[in-house]
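>>> just a sequence and a predicted model for now, questions to come.
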Amino acid sequence: MTEKETKSASENWMHRYVERHTHEFDEEKEATMLHTKTKVAHNMLWWRKRCNQSTLIEGHCHIGFPFPKEFVKKAGSKPVREDGWAYNCFINEKIENHWWPKLVEAKRSRKEIAAPP
């Protein structure tokens, strides 16, 4: 029975599993990294060949090539850019349109502060 059904039957409900590892972030007071890839030497071997082929074999390209917003997969087509690099990730619109401009502005203002007069 579900929690609601159990309680409506006047039975005790006990949660058996608690997700202690989850946390809702306060975007104004906390930070979270949403997308990273570790660049270890053995993961980067042959990256030109791995990323410049069909993405039918997932996980072999450790360099991000984001799908364009207007990308539409057609039957029989491969998700590959005109220059041959295979698409393998998506752009997070909130980061791209909200957080990225803030980071660029913060970096620019820090350079202005740090620059000698």
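Thanks, I have the structure now. Numbers count the residues shown, from 1 in each chain.
>>> going forward, measure contacts between C-alpha atoms and count neighbours the same way
Fine.
>>> show me what counts as buried in the strand or helix carrying R48.
Using DSSP states H and E, R48 sits within helix 47-51. For helix 47-51, burial by neighbour count (16 or more other CA atoms under 10 Å) applies to R50, C51.
>>> equivalent analysis for stretch 87-95, please.
Those buried within stretch 87-95 under the rule 16+ other CA under 10 Å are Y87, N88.
>>> any idea how far that stretch is from the middle of the chain?
Taking CA atoms, centre = their mean, to the nearest Å, the mean C-alpha location of stretch 87-95 is offset from the chain mean by 7 Å.
>>> export the lowest-mean-pLDDT helix or strand in the chain as PDB, just CAs?
Lowest on mean pLDDT, DSSP states H and E among the helices and strands of the chain sits helix 41-44, with a mean of 73. The C-alpha coordinates for helix 41-44 follow below in PDB (Å, rounded to 0.1, in the frame of the first residue of the first chain):
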ATOM      1  CA  ALA A  41      45.600  11.800 -20.000                       C
ATOM      2  CA  HIS A  42      44.400   8.300 -20.800                       C
ATOM      3  CA  ASN A  43      40.900   9.700 -21.500                       C
ATOM      4  CA  MET A  44      42.300  12.100 -24.000                       C
END
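>>> begin at 35, not 1, for the rest of this chat.
I'll keep to 35 as the first residue from here, and by that count the last item is helix 75-78.
>>> quick one: mean pLDDT over the helix or strand just after the helix holding R82.
Using DSSP H and E, the helix or strand that follows helix 81-85 in sequence is helix 127-128. Across helix 127-128, pLDDT averages out at 84.
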